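Novice: Below: sequence and its predicted model.
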Amino acid sequence: MLNFLVTFIPRAIMQGIPLLYGSTGEILTEKSGNLNLGIPGIMYMGAISSVIGAFYYETFTPKGMMNPVLAVLIPLVCCLIGSFLTGLLYCFLTVSLRANQNVTGLAITTFGVGFGNFFGGSLIKLSNAEVPAIVLGGTSGYIKTTLPFANKLGWFGQVFLSYGFLAYLAIVIAIVASYILKRTRTGLHLRAVGESPATADAAGINVVKYKYVATCVGSMIAGLGGLYYVLDYSNGIWSHNAFGDRGWLAIALVIFTIWRPSVSILASILFGGLYILYLYIPTGTEMAIKEIYKMFPYIITLLVLIIVSLRKKREDQPPMSLGLPYFREER
Amino acid sequence: MKNKRTLFHIVKREALPWYQAWMIRGAAILLALIVCSLVTVMVTGLNPLDLYKSMFYGAFGTERKTWVLFQKLAILLGISLAVTPAFKMRFWNIGAEGQVMAGALACATVMITLGNKITSNWLMLLIMLVVSVAAGALWGFLPAFFKAHWNTNETLFTLMMNYIAIQLAAYFIIIWEVPKGSGKIGMINQNTRIGWLPYIGGKQYAIIIILIAILTVLLHIYLKYSKQGYEIAVVGESERTARYAGIKVEWVIIRTMILSGALCGFIGMLLAGGTDHTLSTDIVGGRGFTAVMVSWLAKFNPIVMILTSFLLVFLQLGAKEVATSFYLNESFSEILTGIILFFIIGCEFFITYKIQFAKSGKEA
Amino acid sequence: MEAVRNAIKMEGITKRFGSVVANNAINLELHEGEILSLLGENGSGKTTLMNMLSGIYYPDEGQIYIHDKPVTIASPKDAFDNGIGMIHQHFKLVDVFTATENIILGLNEDGKMNLKEAGKRIKEISQKYGFEIDPDQKVYNMSVSQKQTVEIVKVLYRGADILILDEPTAVLTPQETDRLFAVMRNMQKDGKSLIIITHKLHEVLEVSDRVAILRKGEYIGDVLTKDADQQSLTDMMVGRAVSLNIDRPMPVDPQPRLEVKGLTVYDELGVKRLNNINFTAYSGEILGIAGVAGSGQRELLEAISGLYPIAEGSIIYHNPKTNKTGDLAGKDPLEIQKAGISMAFVPEDRLGMGLVGSMGMTGNMMLRSWRKNKGMFLDKKEPERVANEVWKELEVVTPSIDFPVRRMSGGNVQKVLVGREIAQDPAVLMTAYAVRGLDINTSYTIYNLLTAEKMKGVAVIYVGEDLDVLLELCDRLLVLCGGQVSGVVDARTTDKRQVGVLMTRVGGKTNEK
């Protein structure tokens, strides 16, 4: 049993990290009243932007000449830029042009997933590089670097220390986000914007600015989830649609955690575990049942959604203005 | 003293004549197409004229391609029609993906389990219809039930229902896979063709196109001239007004979502029994989401939806052609679709509002 | 005598909304350390004018001076920076936040956010001016008066020295009003300047030093309170001596039409909103319902029309056609319709409840009639006929009967609504604040329509806020206070003061010693 846990928990955590990035980003966004259904697309954008950056650096740098700092920084910066721009587009359409959030979000997802898969599949041809597939082993190697003594600490090292820095960064970001939301003025203002933009506006808070900043920062955080998935979890190998529906799972997590990033740390690991649980449950020849296990995260989220709405506790409800545009001189 | 007077104000327009509104939309689409071709030219190096030729070829190049275009148009239009009643009610159902999947799964189940037992194709089709519609309706009913009674967020609920349907389908696909281990079902009833929608004049897709055309007209009439359509419009505008007028809001929400789900289930049957003759987890292929946008872009008007879904399908097939001929990835079409959508979504602002620049006359 | 210094001076302020001029070249002064009443009828532009001081709206023309310095107020933040704090009629509070969180919202004090420290300061301010407030209470658990307190402390916390209160007493009980006025005087003693928006004359006379009057977006003038009385203020406010002169014929052959017995209702939170209400509405008379806002008027009308769940009691309807009686309690609007009971209801929230804003007159007429024909399709002919009739007879200003009612002006919206309800040929007609926000002419149109209905033998129930109108239009008055009937009086023989007393006596028991 212990052995099982020692192998299972690290896998669950690695599955959970992209979800944690995604849900933290979406929680910040939703706290500003924006229901960004574009998160799945934005995570793809983050992933592909980092891949493009890393690919050019790795392919056009002679073997063995890669600078570790650049190898990490280039994809990181590319990822942040890519997801920031997509988040900005969402904001421009929904906040400045007051478009419907659901429709805009879905359009962003269509675009982002398409953009990721297109460049993932066509990058080699477009750049005329002479490689058979996108395998960014070098970059991935740097990003995955773990603490040197992690291996020597037995199960403890394996469960807690065997991850690249991005995994810890995700947890740090979630804790910081939680702290900001709960304990700082910025967080108070942000929550006010999401609950009642008219009130926030009357209190002298720049609603538009908060919506923009929260959504763009949220998008950048979510984008990191895409980067982690490709360059850490998948060892730098891009395969078509491999990221799959994790973006939607991240949105599910937001509900599951009732809009609390700190809860999301454990919850995303739980979801990550559920996502791969089917690999570990002995099913013998009954392969089909694994597909049923994959359903669990969604069913559990659904139950949480229902229970929360039945309990009607004010603090557990979605931000009051979630999904609604705000226009000051409306009368 | 410094005057930091705001430079411009955004003001709601008085009613804009319909033709002006459509002119703005037309301009947005035109602009979007220009941007799309710029992007394509940048990626492929093709000259724009050849590009449009290639796209047109992809859509209408051969008889087969044209049929595929109309088939895809019909399916996308069908799903868009299906989600529309709920949207008019301001019920944000983004679960068409799952509702269609539920219908397709139900349809495939009937085709597989009864394929050997029933010999009359018409009886078979009837059973398929009933079961598919029921499955879709169930998928629509659940979120509506919780929304109506406890105000559970329907957007998130229907989103989750999508994946439950998809995993359920994945489960049965493995159970029924042929050959074992392939992860695919393969053509169902390939020899007997039991449960296949009939070909009309030897054309596989004709029946689907006809059925959707009828559906478009029926739904248009339903929404505009029927009492239930009126109820939907009132509930969408204000629940309190609806209650005041003696409309049972909960029941209208549930009834309308059952209708939406049932229509989705029907489309699922057209997919499994009419076009694919099999079941796969990507049989709907994201069209449940695209339909949301089609319906919204058409302002929930079934007739206009023909145009919006045509635009998207044309773009999709055209871009696919361009991508294939350049050995590029098929996802190229999604990029173009995204660009078009951004422009149309953005242009609505200029129809509803106008920007007034501050008068600088009386100052100083 | 010291020269008067102005806290605020507004010069030539004009604000338009589309084609409507809400404020036309207004000049207004607020002296330092005074309480100024801004008086005007509904829709005279008081709130719009004040919103330009608080940064909600931006004037199209004109200049604002604060303490004699020209300023630009483009946002609420600019207003705070200039020491202006406004307490809006609709509270701007975040429900899931505590009092403290709401009060410090939007502030950018140095250092870490410290809710405890802020709570302490809030307590200090409260003690200084005589408020009662629990800094950790969530707003959704607060009463209206508590919420208002939070709003006032909010602006004081920000160090505002100019306070604007927008109809602060509309939602308060008399005791709460007294307490508020005491607080206002404490603030004045502390050197603050205050503007109170109101249309209640006795409050103007009681609390303010000076009165400024607006009428239909124009500045009429100002007068020192000590030189004013109710009559002179009213004259300035409405432009002519108010003698309403509403035609009031005697009821003809009144018969019981609606008998309400022991009606009790609770709201969603389980608070008793109506407590053992008993009265009878007769055919051929107008029964007025008076009371401070929120005394249960809305609940009463909605309960009768089947929109509010009834906990106890019965509502007996006497059908004039069949002479049969039936109980409406427990029936929903559809069941009431189906039982052949012709009841018309003009609700307070016209576009949010009575009409469908995006539809035209035809679509709205249909709201009452679309079930009547057989089959599953709509009959548009009859509603079109009714729409044309209402359009013509009530002189509704609209380009066509398909023009969305949301885009019409307030008066026309109300004509459409009242027109439709009367067209039903009802036996009972209930109206809630039927003339709120309407100009004088349209108001008279409505009064005449109601009187005409009464003469046709309809039992009219008129919920109103203006006592003068209630006393001149209605035959009898039912006075509500705190969800109970505090009295039923003959409108012809009662005076305003007596009704005022009843409005503040819960269940008819007096609060005074």
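Specialist: Thanks, I have the structure now. Numbers count the residues shown, from 1 in each chain, chains lettered A, B, ... in the order given.
Novice: Contact residues of the stretch 401-513 of chain C facing chain B?
Specialist: C:404, C:407 (CB under 8 Å from any CB of the partner chain). Any C-beta I mention is one placed from the backbone N, CA and C, and that applies to glycine too.
Novice: repeat that for 10 Å
Specialist: C:403-404, C:406-407 (CB under 10 Å from any CB of the partner chain).
Novice: Quickly check those residues for the two that are furthest apart.
Specialist: Spatially, the most separated pair among those is C:403 and C:406, at 9.6 Å (CB to CB).
Novice: Overlap of the contact sets of the two?
Specialist: Listed as contacting both residue C:403 and residue C:406 by CB atoms under 10 Å, 6 or more residues apart in numbering or on different chains are residue C:359.
Novice: For these two, indicate the residue with more neighbours.
Specialist: A direct count of neighbours by other CB atoms under 10 Å in any protein chain shown for residue C:403 and residue C:406 places residue C:403 higher, at 18 against 13.
Novice: tell me the contacts of the closest residue to that one other than its chain neighbours?
Specialist: When the adjacent residues along the chain are set aside, residue C:403 lies closest to residue C:360, with 5.3 Å between them (CB to CB, 6 or more residues apart in numbering or on different chains). Residue C:360 is in contact with C:384, C:387, C:398-405, C:407-408, C:416, counting by CB under 10 Å, 6+ apart.
Novice: Where does the residue of the stretch 201-350 of chain B found nearest chain C sit, in terms of helix or strand?
Specialist: Here the residue of the stretch 201-350 of chain B nearest chain C is residue B:246; by CB to the nearest CB that distance is 3.8 Å. Using DSSP states H and E, residue B:246 is not contained in any helix or strand.
Novice: That one: how many residues sit nearby?
Specialist: For residue B:246, using other CB under 10 Å, the count is 19.
Novice: ok but residue C:281 is inside a helix, no?
Specialist: No - read with DSSP: H, G, I helix; E, B strand; the rest coil, residue C:281 is strand and lies in no helix.
Novice: rewinding a little: could I get the contacting residues of the residue of the stretch 201-350 of chain B closest to chain C?
Specialist: Residue B:246 neighbours (CB under 10 Å, 6+ apart): C:305-307, C:332-338, C:367-368, C:371.
Novice: at 8 Å what do you get?
Specialist: Contact analysis of residue B:246 by CB atoms under 8 Å, 6 or more residues apart in numbering or on different chains lists C:332-334, C:336-337, C:371.
Novice: Show me just the buried residues among the residues you listed.
Specialist: Neighbour-count burial (16 or more other CB atoms under 10 Å in any protein chain shown) applied to these gives C:333, C:336-337, C:371.
Novice: Which pair of the residues you listed spans the longest distance?
Specialist: C:336 and C:371 (12.5 Å).
Novice: Low-confidence stretches in chain C?
Specialist: Along chain C, segments meeting pLDDT under 70 span C:1-3, C:19, C:41-43, C:174, C:238-244, C:269, C:497, C:504-513.
Novice: Quick one: classify whatever residue of the stretch 201-350 of chain C ends up closest to chain A as helix, strand or coil.
Specialist: With CB to the nearest CB as the measure, residue C:268 is the residue of the stretch 201-350 of chain C nearest to chain A, at 9.6 Å. Using three-state DSSP as the criterion, the local structure at residue C:268 reads coil.
Novice: Count the residues that sit near it.
Specialist: 7.
Novice: what does residue B:39 give?
Specialist: Using other CB under 10 Å, residue B:39 has 14 neighbouring residues.
Novice: thinking again about what came up before, near chain B too, which of the buried ones among the contacts of residue B:246?
Specialist: C:333, C:336-337, C:371.
Novice: Now do the strands in the stretch 1-150 of chain C.
Specialist: Assigned by DSSP state E, counting those that start in this stretch, the strands in the stretch 1-150 of chain C fall at C:6-17, C:20-31, C:35-39, C:61-66, C:69-71, C:84-87.
Novice: okay, these, which one's buried deepest?
Specialist: Most buried of these, by mean neighbour count (mean count of other CB atoms under 10 Å in any protein chain shown): strand C:35-39, with a mean of 27.
Novice: Let me see the residues that make contact with it.
Specialist: Residues from elsewhere that reach strand C:35-39, judged by CB under 8 Å, 6+ apart: C:28, C:30, C:46, C:49-50, C:184-185, C:188, C:193-199, C:201, C:203-204, C:207-214, C:225, C:233, C:236-237.
Novice: and if we set it to 7 Å?
Specialist: With CB atoms under 7 Å, 6 or more residues apart in numbering or on different chains as the test, strand C:35-39 has contacts from C:30, C:46, C:184, C:188, C:194-199, C:204, C:207-214, C:233, C:237.
Novice: Also stretch C:373-392?
Specialist: B:225-227, B:230, C:361-362, C:365-366, C:369-370, C:396, C:398, C:401, C:416, C:419-420, C:423.
Novice: The residues you listed, buried ones only, as a ChimeraX selection?
Specialist: Those of the contacts of stretch C:373-392 that count as buried under 16+ other CB under 10 Å are selected in ChimeraX with:
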select /B:226,227,230 /C:361,362,365,366,369,370,396,398,401,416,419,420,423
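Novice: Please list which of the contacts of stretch C:373-392 also come close to chain A.
Specialist: Contacts with chain A within the contacts of stretch C:373-392, counted by CB under 7 Å from any CB of the partner chain: none were found.
Novice: Helices along chain A, start to end?
Specialist: Shown for chain A, the helices assigned by DSSP state H span residues A:2-31, A:39-59, A:68-91, A:101-127, A:137-143, A:154-160, A:165-183, A:185-195, A:197-202, A:207-227, A:246-256, A:261-280, A:289-293, A:296-311.
Novice: Save these as TSV, and put in mean pLDDT and distance to residue C:113 too.
Specialist: Shown next, in TSV, are those (pLDDT from 0 to 100; distance: least, CB to CB, whole Å):
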stretch	mean pLDDT	distance to residue C:113
helix A:2-31	91	16
helix A:39-59	93	29
helix A:68-91	94	26
helix A:101-127	89	29
helix A:137-143	82	36
helix A:154-160	75	33
helix A:165-183	94	6
helix A:185-195	94	5
helix A:197-202	87	16
helix A:207-227	96	16
helix A:246-256	89	24
helix A:261-280	88	18
helix A:289-293	83	44
helix A:296-311	88	27
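Novice: For residue C:314, which residues count as its bridge partners?
Specialist: residue C:261 (DSSP bridges).
Novice: Out of the helices of chain A, which one sits most buried?
Specialist: helix A:39-59 (a mean of 28).
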